[in-house]
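**Student:** Predicted coordinates and the sequence they were generated for:
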Amino acid sequence: MVALTSAGGLIALLEEHDDALKHYALQNLDTLVDQFWAEIADSLAHIEILFEDTKFQYRQLAALVAAKVYYHLGEFDDSVTFALGAGELFDLNAQSQFVETIIAKCIDKYIALRTKQFESNELIDIPTALEQVVERMFQRCFDHEEYRQAIGIALESRRLDIVEQAIKRGDSAALLQYVLDCSMNLVQYRGFRNQVLRLLVQLYSELKEPDYLSMGHCLVALEDPLSCADLLNKLAQGSPKHKLLGLQLAFDLEEAATQKFLQQVSANVAESADAVKINKILSGQLTIQLQLEFLHRNNHSDLLILKQSNANLDPRNSLYHSSVTFANAVMNAGTTCDQFLRDNLDWLARASNWSKFSATAALGVIHKGNLDHSMTLLKPYLPQQGVAGSAYSEGGALYALGLMNANHAQPLDYLRESLKGSTEDVLQHGACLGIGVSGMATGNMEIYEDLKNTLFADSAIAGEAAGLAMGLVMLGTGNTQAIDEMLQYAHETQHEKIIRGLALGMALIMYGKEEEADATIDRLLHDKDALIRYGGIYAVALAYTGTGNNKALRRLLHVAVSDVNDDVRRAAVTSIGFVLCNNPGQVPRVVELLSESFNPNVRYGAALALGISSASTNSAEALELLEPLLKDSVDYVRQGALIAKSMIVMQQPSAKEFRTHLAKVLGDKHEAQLTKFGAMLAQGILDAGGRNSIISLRTRNGTNNMLSVVGMAVFLQFWFWYPLTLFLSLSLTPTALVALDEELRPIQLEFASNAKPSLFAYPPPTTPPTQEKIEKVQITLSTTAKAKARAKKKEEAEAMDVTPSVPVSPMSATAPTSGGDEVMAEASAEGDASATPTDGKKKKKEPEPTSEIKANLTRVLPAQEQFISFAECPFQPVKKTHMSGILIMENTRPDLPVAFLEMNASKLKNAEGAAATAEEEEPAPPAPFEYPFDD
């Protein structure tokens, strides 16, 4: 059969009066349109007329042909219109590029209309044909059991009914977890996300075995403390397994919720035998105590690194002094180990003014979490009535008290009294910071008023801390009255420090508010004062942290390239790391061009954005972008790159080369001060928490870690005020596995890590440099060797008592020549023999085991979780999703004896120091000591 070269004949039939001929022509054109679409396009008008003729029996076929022609012309909107007019003739199951493209366009159009309708709360007319295509697409997904695809389209188009159908038709447990992950990471509109979470709570409860832990996570995201309390009460009254789940849920709530939320939950927990244990967990004290014990037991801080680095820095320089102070604090955060300070009292005594303030405050980071003994440890430095002390040391002690009790309101009364009873700016500064850290997210209006009174005194030093503390206390409340008061005072004051503190405080108030914060963000970003615009940028970062919101990203990118102030531009680029911390893989692509900007502030921001989002991930893409920034011509860009890289390679094997680079930077006397500050701080970050902590803005359950996010946001203000560097300690999360029984006691058990020990081992300790002894190598000529051999032979002959009757062989004169060779050969043989085993075989290196046995209260890295197994253990975790953190265990062999671990870290050691009574006992934390400051 001869192939067709033209569709002219078929096109001509469209002008016939007989509908049968037109039908024949359209049928054939439908099969040939991919080949002759250019020729058919000239007759599109006639085909459209056939479609618009309601009396024409085959008008849908005409619409299908027109849709295909418009598709080839690239007019996709017109193609979609005619494809919808084709009705059932548009086959969704056809495997062609045309069908896939039109379906995608239909879905995009449907999603846009549904989203607009949902967000505007207005009824928008959606074409019936469009709805029918989407419904048919959903049905196709159900028929092919492609439930995840259906759920994805349904979530974007705001169709909760389809989400529910898909979950009930498929593997409900797996699909529920998929929807939960999508809603927390991909659904950008908060109102719809809350509707999805409500649906999930209902569906989780309808499972054959309800997933109470996931229900709790949903309720925390919904900010519903009453429902959380009801859930805990239900579990407390259930079976033994349910009671264990209730305890595990309480730990999960404590990790993810605010102080105010937990207090409301605790107040509504019904009195029962388990209520005491649940309230103890919700108070956070048990978690802090367990983490303190873990960090104390497993402290692998390498003090030699600090010693060597400190030796390379001039102690008379306050910047270098502070950098070593901060590095030591972060390196030993929560370990209670202040050995470096004890060993370097002369160096410590050099601190003056604000360096002294930071040095005292650093003690709060080292003893972070020691709630029971915080006042005792800091007593030598805290303000005492009738005793004149250094204001810097006393102010730092108040700040340290807050850091030790971070996110726990125990010392608030004492701090408030110290704030009211002091007129010293430095003391008020430390008290305000301490109140902000310990009273975080309490929303306490009385504390807010106390801080406001300090602010209105218009002291630059105290006012800056007061503005920041007001934001910390009202964290995440979205209190518009507080915003109005703080913004008004920011416009009235003349102190830049106060304006900066208030700007960041307003941003903190909008933490996690997403769309609700848009009005405030607009007010701040349109202000003529760059410092207030700076706060507006952080309001975007904190309001949309971990959402990946496109609107927020567009706003940040616009400001990053358009604002006239470098500080604002730097903050805008840095904030990208906060918004995308839930999807760190996107950040390198977003900031790639910004990292090459001519503006060094933008490059600095790009570096920190990579570090914040990719912290502890060892992201190859992020590290590749940081490499040129480590060699940047500007000192503070190198500083930012060093800090960012240290965040990314925390607890990673690849950190070995980076440690060498840091030592080289610190040892280079020509390197800039700011770069050395970054290198010193990077060393502390690498070994944070005794090499047992990581930085992560997300919890193990995939929600934002409020404490970590806030700590990171305030830490970044070290650009303006170095004492705020210590807020980095709030971002540290211990990588611990702690197993508890039903009585909340740490069990003495063992579990397997089915991976090579070297993959997740601690880095080897630094060895002190040794002076190599140069050995002199003496070269002996052959003639000299022969002469020495003859002389030696002669001496031996004279020394022997030989009788005259025994003749000497005439060959003895020449024997030394061969004898010398024999001696040398024997010596060589002895040397070879000493180097070679007696059996003549070389010892083979034993292969590394493929698994290891680990004990309770030990380090488990995020990448190591997949290798953890309790298969051989009589205790099994009630939580199956994550094998790290605090786990409640179920005893499957109650007939076996159980041993428990003793908690030593929270016991205060007496002044003289008590030696361990047994070799296996853990050492108690060192006694407090007074810094050798000259007041």
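**Tutor:** Great, that's in hand. Numbering: from 1, shown residues only.

**Student:** Name the helix or strand of the protein that has the lowest mean pLDDT.
**Tutor:** The helix or strand of the chain with the lowest confidence, counting by mean pLDDT, DSSP states H and E, is helix 815-835 at a mean of 40.

**Student:** ok, then the element right after that one?
**Tutor:** Toward the C-terminal end, the helix or strand that comes next after helix 815-835 (DSSP states H and E) is strand 852-855.

**Student:** ok, and for that next one, which residues are buried?
**Tutor:** Burial within strand 852-855, assessed by neighbour count using 16 or more other CB atoms under 10 Å, is assigned to 852, 854. In short, each C-beta sits where N, CA and C put it, glycine included.

**Student:** ok, residues contacting it?
**Tutor:** Contacts of strand 852-855 from elsewhere in the structure, counted by CB atoms under 8 Å, 6 or more residues apart in numbering, are 737, 748-753, 755, 757, 860.

**Student:** same thing but 10 Å
**Tutor:** 297, 737, 739, 748-761, 860, 864, 867-868, 872, 901 (CB atoms under 10 Å, 6 or more residues apart in numbering).

**Student:** Quick one: mean pLDDT for it?
**Tutor:** The predicted model assigns strand 852-855 a mean pLDDT of 92.

**Student:** Could you do stretch 698-709 as well?
**Tutor:** For stretch 698-709, mean pLDDT is 90.

**Student:** Just the endpoints, please. Distance across it?
**Tutor:** Between the start and the finish of stretch 698-709 there is a gap of 8 Å, counting by CA to CA, to the nearest Å.

**Student:** Work out the gap between it and the centre of the chain.
**Tutor:** 8 Å (CA atoms, centre = their mean, to the nearest Å).

**Student:** I'd like to know which elements the longest strand anywhere in the chain is packed against.
**Tutor:** Counting by DSSP state E, the longest strand found in the chain is strand 885-891. The criterion is 3 or more CB pairs under 10 Å, 6 or more residues apart in numbering; DSSP states H and E, and the helices and strands that strand 885-891 contacts are helix 240-256, helix 285-297, strand 736-740, strand 875-877.

**Student:** Now stretch 633-644: buried residues?
**Tutor:** Buried residues in stretch 633-644, counting neighbours by 16+ other CB under 10 Å, are found at 634-644.

**Student:** mean confidence score for that stretch?
**Tutor:** Confidence over stretch 633-644, taken as the mean pLDDT, stands at 96.

**Student:** ok, now stretch 310-324?
**Tutor:** Confidence for stretch 310-324, expressed as mean pLDDT, is 89.

**Student:** Can you get me the start-to-end distance on it?
**Tutor:** End-to-end distance of stretch 310-324 (CA to CA): 7 Å.

**Student:** Next, the contact list for K528, please.
**Tutor:** With CB under 10 Å, 6+ apart, K528 has these contacts: H491.

**Student:** Do you know the pLDDT at it?
**Tutor:** For K528, the predicted pLDDT is 94.

**Student:** What helix or strand is it located in?
**Tutor:** Following DSSP H and E, there is no helix or strand that holds K528.

**Student:** before we move on, the earlier item: okay if I get the helices and strands packed on strand 885-891 as JSON lines plus mean pLDDT and distance to K420?
**Tutor:** Output for those, formatted as JSON lines (pLDDT from 0 to 100; distance: least, CB to CB, whole Å):
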{"stretch": "helix 240-256", "mean pLDDT": "92", "distance to K420": "31"}
{"stretch": "helix 285-297", "mean pLDDT": "91", "distance to K420": "27"}
{"stretch": "strand 736-740", "mean pLDDT": "94", "distance to K420": "39"}
{"stretch": "strand 875-877", "mean pLDDT": "92", "distance to K420": "48"}
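
**Student:** which residue ends up closest to the midpoint of this structure in space?
**Tutor:** Within the chain, one residue has its C-alpha closest to the average C-alpha position: by CA atoms, centre = their mean, that is S696, at 1.9 Å.

**Student:** Spatially nearest residue to it (excluding sequence neighbours)?
**Tutor:** Excluding its sequence neighbours, the residue lying closest to S696 (CB to CB, 6 or more residues apart in numbering) is T733, at 5.4 Å.

**Student:** now the one you found, what's its secondary structure?
**Tutor:** Here T733 takes the strand state, with states given by DSSP: H, G, I helix; E, B strand; the rest coil.

**Student:** doesn't S205 make contact with R198?
**Tutor:** No: using CB atoms under 10 Å, R198 is not in contact with S205; the gap is 11.4 Å.

**Student:** Between the two, which has more neighbouring residues?
**Tutor:** R198 (16 against 13; other CB atoms under 10 Å).

**Student:** Any stretches of the stretch 801-935 of the chain with poor pLDDT?
**Tutor:** Counting by pLDDT under 70, the stretch 801-935 of the chain contains low-confidence residues at 801-844, 905-935.

**Student:** Check this protein for its longest helix and report it.
**Tutor:** helix 97-120 (DSSP state H).

**Student:** Output the contacting helices and strands for the helix or strand following that one.
**Tutor:** Secondary structure here is assigned by DSSP H and E; on that basis, the next helix or strand after helix 97-120 toward the C-terminus is helix 128-143. When contacts are defined as 3+ CB pairs under 10 Å, 6+ apart, helix 128-143 packs onto helix 76-85, helix 97-120, helix 147-156, helix 160-169.

**Student:** Would you mind giving the orientation angle of helix 128-143 with respect to helix 97-120?
**Tutor:** Using axes from the mean of the first three to the mean of the last three CA atoms, to 10 degrees, the inter-axis angle of helix 128-143 relative to helix 97-120 is 110 degrees.

**Student:** Any stretches of the stretch 1-150 of the chain with poor pLDDT?
**Tutor:** Judged by pLDDT under 70, the stretch 1-150 of the chain has its weakly predicted residues at 1-3.

**Student:** Tell me which residues touch L580, please.
**Tutor:** When contacts are counted by CB under 10 Å, 6+ apart, L580 is found next to 544-549, 552-553, 556, 586-587, 590-591, 609, 612-614.

**Student:** So it versus K756, what's the distance?
**Tutor:** Applying CB to CB, to the nearest Å, one obtains 33 Å for the distance of L580 from K756.

**Student:** ok, now E516?
**Tutor:** From E516 across to K756, the span is 49 Å (CB to CB).

**Student:** Using JSON lines, lay out the helices and strands packed on helix 128-143 together with distance to G711.
**Tutor:** Conversion of the helices and strands packed on helix 128-143 to JSON lines gives the following (distance: least, CB to CB, whole Å):
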{"stretch": "helix 76-85", "distance to G711": "48"}
{"stretch": "helix 97-120", "distance to G711": "33"}
{"stretch": "helix 147-156", "distance to G711": "32"}
{"stretch": "helix 160-169", "distance to G711": "36"}
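
**Student:** So which of the ones you listed is nearest S301?
**Tutor:** Minimum separation from S301 across those (CB to CB) falls at helix 147-156, 45.7 Å.

**Student:** can you state the direction angle for the closest one and helix 128-143?
**Tutor:** Computed by the same axes, to 10 degrees, the angle between helix 147-156 and helix 128-143 is 150 degrees.

**Student:** Identify the residues contacting helix 147-156?
**Tutor:** Here helix 147-156 has contacts from 107-108, 110-112, 114-115, 134, 137-142, 144, 146, 159-171, 174-175, 178-179, 182-183, 186-187, 192-193, 196, using CB under 10 Å, 6+ apart.
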